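Student: Pasting a predicted model and its sequence here:
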Amino acid sequence: MRIITLNCNGIRAAERKGFFRWLARQKFDVCCLQELKAHPEQLGDHFYPEGFFTHYYPAEKKGYSGVGMISRVEPKKLQVGLGLEEFDREGRYLEARFDNVGVVSLYLPSGSSGDHRQESKDRFLEAFLPHLKKIARRKREYVICGDWNIAHKEIDLKNWKNNRKNSGFLPHERAWMDRVFGEAGLVDAFRVVDPRPDRYTWWSNRGRAWDKNVGWRIDYQVATKQLARKVKSAEIYTRERFSDHAPLTMEYDWPL
């Protein structure tokens, strides 16, 4: 099972930069997309790859947020949203259930644009942890893919000392991630196979961060325990740039 996740920072912009041409060569089973910044009626046929099942869940506000999923197999069931009005208006959660696994495309709020957004992010964290615990108790295995907008540990960003007071690396956010991987019983699947430093998925557009690899690892595939034991490989693709994020591709020895 080969799963890709990417924060597009605008799916139409990513398409212009060659993302869908690259995707067509990947032999993937599921691709999770975040930050679509588009509504389905704004997307042409080439945003719906032939032979795949494509679902887009936009935010109400145009040009903002939204998540999507492209899968080789048709999902048995789709869950659109979390039943939380504040966040469902922003198109942040899309869950597909297949025979042997559930896959989620998640776009967790960012708090970097001001205190009001950090407060919204904190409300999401409080509401989302019980949902993650519920997922971990289900019989079906799960992988929650997407932009979590939190770097968990010091190894997960280059300038961690200078970012301890910034959204995305705040102590309470990191403590929340501890709970995801502790009491909720979920696993950072990437770190099962790649313990190395300097492995980032997002780079600021300022100060030549991409060229210098001054980045953050904030895009994850978070798996239930049994599925995490089946991780085979992980790759962050950086040979082309489709977004300010890079695609994260992981393979699991597990049927879809």
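Tutor: Yep, it's here.

Student: which SS class is residue 4?
Tutor: Three-state call for residue 4 (DSSP: H, G, I helix; E, B strand; the rest coil): strand.

Student: Would you confirm that it contacts residue 23?
Tutor: Yes - using Cβ atoms under 8 Å, residue 4 is in contact with residue 23, at 7.3 Å. The way it works is simple: take the backbone N, C-alpha and C, and place the C-beta from them, glycine included.

Student: Please identify the buried residues of stretch 155-162?
Tutor: 156, 157, 158 (16 or more other Cβ atoms under 10 Å).

Student: Export those as a markdown table, with columns for distance to residue 195, secondary structure and pLDDT.
Tutor: Putting these into a markdown table (distance: Cβ to Cβ, whole Å; DSSP: H, G, I helix; E, B strand; the rest coil; pLDDT from 0 to 100) gives the following:
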| residue | distance to residue 195 | secondary structure | pLDDT |
| --- | --- | --- | --- |
| 156 | 12 | helix | 98 |
| 157 | 16 | strand | 98 |
| 158 | 17 | coil | 97 |
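
Student: Go ahead and confirm residue 203 touches residue 243.
Tutor: No - applying Cβ under 8 Å, one finds residue 203 not in contact with residue 243, separated by 9.9 Å.

Student: Could you pull out the buried residues of the longest helix seen in the chain?
Tutor: Taking DSSP state H as the criterion, the chain has its longest helix at helix 115-137. Counting neighbours by 16+ other Cβ under 10 Å, one finds that the buried residues in helix 115-137 are 118, 120, 121, 122, 124, 125, 128, 131, 132, 135, 136.

Student: And for stretch 84-94?
Tutor: 84, 87, 88, 90, 91, 92, 93, 94.

Student: Also stretch 52-61?
Tutor: 52, 53, 55, 56, 57, 58, 59.

Student: distance between the ends of that stretch?
Tutor: One end of stretch 52-61 sits 27 Å from the other (Cα to Cα, to the nearest Å).

Student: What of stretch 85-93?
Tutor: 12 Å.

Student: do the same with stretch 73-83
Tutor: So stretch 73-83: terminal residues 26 Å apart, Cα to Cα.

Student: cool, and stretch 19-38?
Tutor: 16 Å.

Student: from the buried residues of stretch 155-162, which is closest to residue 251?
Tutor: residue 156 (21.4 Å; Cβ to Cβ).

Student: shared neighbours of residue 4 and residue 23, anything?
Tutor: Residues touching both residue 4 and residue 23 (Cβ atoms under 8 Å, 6 or more residues apart in numbering) are residue 31.
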